[in-house]
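**Q** task: produce atomic coordinates for the following.
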Amino acid sequence: MTATELFGRYVDLTPLHGRTRGLVRCLFHHPDRRGSLSFELVLGVFYCFACGARDDLRDFRRLLGEETAIVTHRRRRPAESTPQQAWRRMIEVERRAEVRRAEWGPWHSVNAYCGRCRRAVRDARQIATKLGRENPRTWPLLEHAARVEADGPGLEAELDTLAVGRFA
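**A** This next block holds a predicted model:
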């Protein structure tokens, strides 16, 4: 039995005017005031957007009570087109990248902070050199740079300990 014959037995196919796809009121849930059952006659598949009933002609017959045998072999769905595959791969890559960003974001923030501290110490020393020994701002600047420099390795050591503990 073809899909057209089977669907035609339960659904009025005249509004299709020769098309192979349609949207009609679902036969599997009530009340369905609008058409929510989509079907494709060439492929012999259906899907209801409201109740989720879906699959091929064998399942259509089973849901209507014509066939009581349990479906043991399902027909393969049509393969995705190349653009659909590319879209799915792109979404998966973006999802994995978002997971990595969420997982490693705090580590990168601390590491960036350590880098900014190192650059600040370097810049402070350069400024102190330009100011010269006699300038009253030179020594407080160098003292502050020394404190920041002393705290940096401790913070980096803590980061390394946390990272090593994470991978252990």
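
**Q** which phi and psi does the closest residue to residue 117 other than its chain neighbours have?
**A** Of all residues not flanking residue 117 in the chain, residue 152 sits nearest, at 4.8 Å (C-beta to C-beta, 6 or more residues apart in numbering). Using the backbone N, CA and C atoms, a C-beta is placed for each residue, glycine as well. Phi and psi for residue 152, reported as degrees, to the nearest 10, are phi -60, psi -50.

**Q** pull the number of nearby residues for residue 152.
**A** Residue 152 has 18 neighbours, counted by other C-beta atoms under 10 Å.

**Q** isn't it right up against residue 118?
**A** Yes. Using C-beta atoms under 8 Å, residue 152 makes contact with residue 118 at a distance of 6.4 Å.

**Q** buried set for the lowest-mean-pLDDT helix or strand in the chain?
**A** When each helix and strand of the chain is scored by mean pLDDT, DSSP states H and E, helix 138-167 comes last, with a mean of 75. For helix 138-167, the neighbour count (16 or more other C-beta atoms under 10 Å) marks 138, 141-142, 145, 149, 152, 156, 159 as buried.

**Q** do stretch 14-26 as well
**A** 16, 22, 24-26.

**Q** what sits up against it?
**A** 11-13, 32-42, 48, 50-51, 53 (C-beta atoms under 8 Å, 6 or more residues apart in numbering).
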